[in-house]
Structure formats: structure tokens, C-alpha cells
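Chemist: attaching a predicted model along with its sequence, questions to come.
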Number of protein chains: 2
Amino acid sequence: MPDLVCDACGNTYPAGDRQHCDCGETLWYELATDFAWPAESGSLWAYGDLLPASDPVGIERAAGGTPLVRAPRLDDYAGCRIRVKDESANPTGSFKDRGTAVATAALRERGADAIGTVSHGNMAMSTAAHAASAGMDAVVLVPDDIPEERLGHIARYDPELYAVSGDYGRLYEASFSLAPTFVNSDSPLRVAGQKTTVAELLHQFDGAPDAVVVPVSSGGHASGTWKAVRELHAAGALDSVPELHFVQAAACDPIARAYRNGDDTVTPVADGGGETVAYSIANANPPSGNRVLRAARDTGGSVLSVDDDAIRDAQRALATHAGLAVEAASATSLAAVRELTAEGRLDASDDVAVVATGTGFRERPPTPDTVHRVTQGELREQF
Amino acid sequence: MPDLVCDACGNTYPAGDRQHCDCGETLWYELATDFAWPAESGSLWAYGDLLPASDPVGIERAAGGTPLVRAPRLDDYAGCRIRVKDESANPTGSFKDRGTAVATAALRERGADAIGTVSHGNMAMSTAAHAASAGMDAVVLVPDDIPEERLGHIARYDPELYAVSGDYGRLYEASFSLAPTFVNSDSPLRVAGQKTTVAELLHQFDGAPDAVVVPVSSGGHASGTWKAVRELHAAGALDSVPELHFVQAAACDPIARAYRNGDDTVTPVADGGGETVAYSIANANPPSGNRVLRAARDTGGSVLSVDDDAIRDAQRALATHAGLAVEAASATSLAAVRELTAEGRLDASDDVAVVATGTGFRERPPTPDTVHRVTQGELREQF
């Protein structure tokens, strides 16, 4: 089993349940000094050399292996050549399955029979589903004001569900002192699994595109993205490094603010942030936010934010010009590309991959504005 | 381009927009006299030798390539060794994308820039999405009493949407005389694409399991299933043929009734059939129903029906024991296996693959019955 390392201060710890460095930053696993691209890539386990687990069962085996869709009809909208990494093809409809699959497999290898998580969205569903598939117990902590329908989507997999009153933001910290092991959004095991989103993307693209754009919330997926690029480049499997751009919703964008201010650390949004359609990524106090700043600066990328009008517009464009019904949080990445090309940071000749993190099927669709109401006779006259 | 053939009377027609034989049965394409399993199978296009199209774009390229999940925690429930072909991993969350992708690609190769379909469910969403991705026009005919939310899921991709009053069942027949080309659920192009569900499954299993169980509505997917098995066996790519079992909801089961009665043709359900949670497959007058009878008998399989209680129970088992949230219609296949093992038609040593045809994320989840409502202090005492 590899070491746990702090990329901020360089401290190293033996592998295990420890998740944070004494300096406060989240640890990650140091892997893959030696790596060769696999011949096939039907699931994330094709990239097993990058992972701290090796014996998947059930839907763990099916996580990853999502398509990278070339979407030429979005090029004009985006201002560059667009590919969409469609993470909705995962077993529970989001990128979270990659981190969960690796986490549940690794925990079992350590003898654990349970997993906990703090989430009221995709991660909760993913964790509950993987535990159900593997025969593990799942403890899921949600805020007590969670919408009924979302609670139903989580409960379907029959986890132990706790609706917790009080300041939900504090549960992230508190959960690490509870049993079972809580694998939250930026936990080392989850980040290890999340490396495979971009590893697979780079494999499918056959190298590095000019830029990769990823929505950011806690910073866990962003960490995995950066870690994969670092490991693959260090191993000689990647000749060049793509710019990594991370995007938040303007209503709650503490990392983007810190980036604009030139800060090295993220200041939490005091009032918890405003409402946004991209609720999945509204994180007022992102635990791996500082690392996201390092990732953006290290790769020549950026951290930016987009408002709800831009998010809705990009979400509509993904459906009407690429046939992809993604959740609002996923559409931030396309909205960000539009901003980056408008600013001249990217241009029409650039190949850009946006990560669509999750399905829009669990969100209520907008009311249609144009439906022709006809009789069968009227229909025949029309065509 | 291959010929169109009638498997009932043997008549042959040149390839083109013709969909039905003079005898009334639906035609299918005759392909793949020569076939070798591909090295990789990331999408349905790996099985290009089986297909009457070859130049996919956008999400067409991403259709298929879905996982075959070994689900050992369902074995006790099912009474045999279960694998689930998870079609929710397709771009619009259902098996329909396979048929649509092949149809839109083939129509473009013939110079068409539009496609029509009669559907108020998965096929409507799939057709609208593929047209959006490829820059084609889509005409979608839905019944005027369609639920608002389902209409929203279709409208998201911006097709020309017609809500048609009157007897919706008659629109299937009527649509073939309209322009553009209507590719309905058992149209030859769609059936050609649907062959890849089971071709891929057999490839992933590395041969034929003892049985494959598929939900049946119009008979289009069932036709594709049977056609693939026939072509692969004839080409020498498959040593043995699995039993093909097809399942309907008991509330509307004209094909299962005909099977039980020993009939060669299906009699439509006079009153349109009863209500069922498996609304996606409630087809009172299945246009390819006769072919389904031939497929079941030819392969030593059967056509059976399961009631709503059994469907709901199987749907719950798929979520709580395999981590798969499928739509109710998909769960009929697992409910059918339970019936087949109870009858002794299949036993514990049999390898059985059930096709889970589509995602449950667009269905309202049940209200959860067990949620622990606690304060943060109470939570700490618990763990």
C-alpha cells in the first residue's frame, strides 16, 4: 500500500484511515511511479496502477469507462473545439462512482464492512449504491431540510440515513471522528478514484488537449484531476500537461475569489453563499480549496465562476446541440469555456474537454414552451 | 446496403425506407454472414459488421458499450447466477440509444436530414437527443395526456413535439405514411441497432449464458435480440444459443397470452390493457409480437408475464442488492427469472443475464420509510 502525502508541506504518513495532514490540508496517495497506458479501457480498473485497491465487485467493476463525446455542434457556442466527458454513464449517473468504487474496494481490503459519507446529492446516492452492491453497511448524513425527492433517490439503495439538524457544514469535520470510516468528497481514497476521470479522458484523447475544465465544489475531483496529470506526466505517459480550469457557481465561489485576489488560501463565504441552480457544487468552505488554487496555477489554468443565467444557457446548449441532459452543476464547465474564449484565454483552434459530472435526469426538467396540440387529421395535413 | 427480409414468409426487398412486408410482418436487415469478435468494445460500433450504417457522429458514437454487471447478491433472490446488462449507461439512459444511433447515422447516409418517431418515453428522448447531437430535425408524436414531467424530459432536446389527440395506438400505423421517415420501436433500422445489446452481452460473457431475459413491448428489442443470436450463430461466432425469455407486465400481456395459448399470432388486448407501473412496456397491440413468439420457441425460451407487486419487489431488490436504480419496466426481467427458477425452468447453477433496459432516475422515487432524524449531539452518541 502506498504512502499518504501532503502536497502542501511535504509530510508523509503510512497508508491507513488518516485523511488530513498535521498542517490541516487533505492528504493524498502517492502512486504510479511506473505506468503504461492499458490496451483497453472499459472501466476505471484499466488504470489499476494508479489505484490503491485491486479487487472490485458488482457495480464497482462498472464504474468509469465513460465516453468522451466530440460535440462539433457546440463549437460555435463554446468558441473552440469541444469534447464532453459524459460522467452520467456511471452506474449511479455521476463521476462520484469512480471515487466510491475505489473507496469501498479499498476499505474491504482493509477488513472494513461499512462506509460513511456526508452528502445530500450524487455522493450519497453513489455511496449507498456501492455499499448495497458489495454487501457493506452505509451511513449517510444529510441535512434535515433536504428535498423529499432527493431523499427518495438516496433511500432507494437502503442505507442508514440520518437527517441531521443544525449547521450541516460542520458535519464534514465532525464525521472524521465517527465510525465507520467516512469517505467524504476529498478523502484520499475518493481522490485516488477520481484520478481516473481525467486519466481516461487523456487516454481517449490520445494525449493532452489544450485545456480540461472541471466544476469544483470541495476540491476533491479537482485534486484527482491534478494528481492524475502529475502522476502520468512524471511516469512519462503524458508528454505535455493540459491547462486545468476549475469553475464554481458565482453565488458561492470562494475558490474563484481567492484565485482572483491572488491568495494562496481560500476564505470561506461568511453567509454560506447564495442560492444557485448548481446546488451540487455550492460549497461555502471547500476543504481542498487551497489545493485547487495550486492546481490551477501549476498547470497554467485558472479558477473562475459563472452566474446562473450562463449555467442555464449552457445546460440548454448541451441538450439541444449535443443531446446531453446534464445537471446544472455540470453545465458550469461549458459556461466557463465560453467565458475563457470570450476573454481570449482559449481560441477556436484549441481542443478543450469539459467534464459533465452528472446526469440531469434527477432534476425536474423545465416546462416545455413549444408543443403543437393537434388532432390526427391535422397531423396528416401537416406532413 | 443489405436486403430487407421477412422472417415469417421469406420475402425479400431492396434496402430503403420500406418497413413492412406485404404479409404484414415487420422486415429486418439481413447482415453479417461473416463476423469476428472485435478486440475492443467501448461502443456498439465495435460490432459494425452487424450494422447497416458506419459513420457515427456525436452521441451516436457513445451509444452502447454498457456494462454487464455480475450481481452475486441477487443470486438468492433470483435462484440462479445473475448478471445485469445495465442499459442505463447509454447517453440518454436507455437501450433505445442503440437503435436510434444506427437509425440516425443510416438515414444521414441516405441523405435524410430528419427523423420521426411515435413515443412518449425513452424512445422519444433518445430520438430527440440524437437528432440534436447530429443536427437533424426530429418530429416526435406523443399522446396529448402525457404527464407534464415526461414531456419536459423529451422537450429538453428541442424536437418538434406534437401532442396528438384521439386513439394514440393508431398513430404507429399512420406514421409510416408521413414524412420524415418514422423510425418506430420495431423499424428495421432500429432493430439492427438493438442487435448490439445482446451481441455485446454475449461478447462480455465470452459465449452464451444459459438464458437471456428481456422485457418486451412492441417486440423491437426482442427482434434485435433474436436476430443477433441468429446472425452470430450462423457466422460461427457463437457455439450455442441461449434460451431467450421475454417478459411483459401482467396488466397488458398479449404476447404472453398468445404464448400460453400456443398461438402463432398475437391477439391485441381489446380494452387497451390495464394500468401498470411498467408503463414503458404496456403495448396492447405489439406490431412485432408474432416474431417474439417465434423467437421464444426457436430458442427454447418462453414469453411470460409478471404482476406489479413482483415488478416493484424486483425493482427494490435491484437497488438494495445490486446498487442499480432501474425503471419499473426493466425490473420485469428479474421478476421473470424468479418465476422461471420457481417453476424449475432455470436452476441455481444457471448463468442468466437480465437486460435492465433503462434508468429509474426519471421516475419519482418511493417515499423513504426509515430516516433517523437527529441532532449533531445525538449523532455523536450513536457512533
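Modeler: That came through fine.

Chemist: now the helices for chain A?
Modeler: With helices called from DSSP state H, chain A shows them at A:75-78, A:96-109, A:122-134, A:148-155, A:171-175, A:188-205, A:220-234, A:254-261, A:289-298, A:308-322, A:328-342, A:376-382.

Chemist: want to throw those helices into TSV with mean neighbour count, mean pLDDT and distance to chain B?
Modeler: In this view, the C-beta of every residue, glycine as well, is placed from N, C-alpha and C. What follows is these, written out as TSV (neighbours: other C-beta atoms under 10 Å in any protein chain shown; pLDDT from 0 to 100; distance: least, C-beta to the nearest C-beta, whole Å):
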stretch	mean neighbour count	mean pLDDT	distance to chain B
helix A:75-78	18	98	12
helix A:96-109	28	98	9
helix A:122-134	30	98	3
helix A:148-155	19	96	3
helix A:171-175	18	92	7
helix A:188-205	26	97	9
helix A:220-234	25	97	20
helix A:254-261	20	98	23
helix A:289-298	22	98	23
helix A:308-322	22	98	4
helix A:328-342	27	98	12
helix A:376-382	13	91	5
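
Chemist: what's near enough to touch the residue positioned nearest the centre of chain A?
Modeler: Nearest to the geometric centre of chain A sits residue A:221, at 4.4 Å (C-alpha atoms, centre = their mean). When contacts are counted by C-beta atoms under 8 Å, 6 or more residues apart in numbering or on different chains, residue A:221 touches A:95, A:185, A:194, A:197, A:214, A:215, A:355, A:357.

Chemist: run the last query once more with 6 Å
Modeler: Applying C-beta atoms under 6 Å, 6 or more residues apart in numbering or on different chains to residue A:221 gives the contacts residue A:194.

Chemist: circling back to that earlier point, a markdown table for the helices of chain A, including distance to residue A:268?
Modeler: A markdown table is the format used below for these (distance: least, C-beta to C-beta, whole Å):
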| stretch | distance to residue A:268 |
| --- | --- |
| helix A:75-78 | 32 |
| helix A:96-109 | 23 |
| helix A:122-134 | 20 |
| helix A:148-155 | 24 |
| helix A:171-175 | 12 |
| helix A:188-205 | 21 |
| helix A:220-234 | 17 |
| helix A:254-261 | 6 |
| helix A:289-298 | 9 |
| helix A:308-322 | 21 |
| helix A:328-342 | 19 |
| helix A:376-382 | 57 |
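
Chemist: compare those and give me the one nearest residue B:225.
Modeler: helix A:122-134 (25.6 Å; C-beta to C-beta).

Chemist: give me the contact list for the closest one.
Modeler: A:57-59, A:92, A:94, A:96-97, A:100, A:104, A:115, A:117, A:138, A:140, A:153-154, A:157, A:159, A:185, A:358, B:320, B:322-323.

Chemist: repeat that with 7 Å
Modeler: A:57-60, A:91-92, A:94, A:96-97, A:100-101, A:104, A:108, A:115, A:117, A:137-138, A:140, A:142, A:153-154, A:157-159, A:185, A:280, A:358, B:73, B:319-323 (C-beta atoms under 7 Å, 6 or more residues apart in numbering or on different chains).

Chemist: over to stretch A:363-371?
Modeler: Residues contacting stretch A:363-371 (C-beta under 7 Å, 6+ apart): A:327, A:328, B:149, B:151, B:152, B:153, B:155, B:156, B:161, B:163.

Chemist: one more: stretch A:303-316?
Modeler: Identification of contacts with stretch A:303-316 by C-beta under 7 Å, 6+ apart yields A:245-251, A:253, A:255-256, A:259, A:276-278, A:292-293, A:296, A:326, A:328, A:331-332, A:334-336, A:338-339.

Chemist: distance between it and the chain's centre?
Modeler: 17 Å (C-alpha atoms, centre = their mean, to the nearest Å).

Chemist: let's have the contacts of stretch A:363-371 in JSON lines, adding distance to residue B:77.
Modeler: Below are those laid out as JSON lines (distance: C-beta to C-beta, whole Å):
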{"residue": "A:327", "distance to residue B:77": "32"}
{"residue": "A:328", "distance to residue B:77": "37"}
{"residue": "B:149", "distance to residue B:77": "31"}
{"residue": "B:151", "distance to residue B:77": "35"}
{"residue": "B:152", "distance to residue B:77": "34"}
{"residue": "B:153", "distance to residue B:77": "30"}
{"residue": "B:155", "distance to residue B:77": "38"}
{"residue": "B:156", "distance to residue B:77": "35"}
{"residue": "B:161", "distance to residue B:77": "40"}
{"residue": "B:163", "distance to residue B:77": "40"}
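
Chemist: from those, which is closest to residue A:42?
Modeler: residue A:327 (24.6 Å).

Chemist: give me the distance between that closest one and chain B.
Modeler: Between residue A:327 and chain B the distance, using C-beta to the nearest C-beta, to the nearest Å, works out to 11 Å.

Chemist: these two touch, right, that residue and residue A:333?
Modeler: No: Residue A:327 lies out of contact with residue A:333 (C-beta atoms under 7 Å); the separation is 11.5 Å.

Chemist: who touches both of these two?
Modeler: Both residue A:327 and residue A:333 lack any common contact, where contact means C-beta under 7 Å, 6+ apart.

Chemist: those residues of the stretch 1-150 of chain A touching chain B, which are they?
Modeler: Within the stretch 1-150 of chain A, the positions near chain B by C-beta under 7 Å from any C-beta of the partner chain are A:40, A:42, A:58-59, A:61-62, A:67, A:69, A:71, A:73, A:86, A:89, A:91, A:93, A:129-130, A:132-133, A:135, A:144, A:149.

Chemist: for ChimeraX, write a command that selects the buried ones of those residues.
Modeler: The buried residues among the residues of the stretch 1-150 of chain A next to chain B can be selected in ChimeraX (16 or more other C-beta atoms under 10 Å in any protein chain shown) with this line:
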select /A:42,58,59,61,62,67,69,71,73,86,89,91,93,129,130,132,133
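
Chemist: list the contacts for residue A:332?
Modeler: Contacts of residue A:332 (C-beta under 7 Å, 6+ apart): A:215, A:247, A:249, A:278, A:281, A:306, A:311.

Chemist: and what of residue A:252?
Modeler: A:269, A:273, A:274, A:276, A:282, A:283, A:284.

Chemist: could you chop chain A up by domain?
Modeler: What automatic domain parsing lists as the domains of chain A is A:62-93+A:188-356, A:96-175.

Chemist: hmm, residue A:299 and residue A:243 touching each other?
Modeler: Yes: using C-beta under 7 Å, residue A:243 is in contact with residue A:299, at 5.6 Å.
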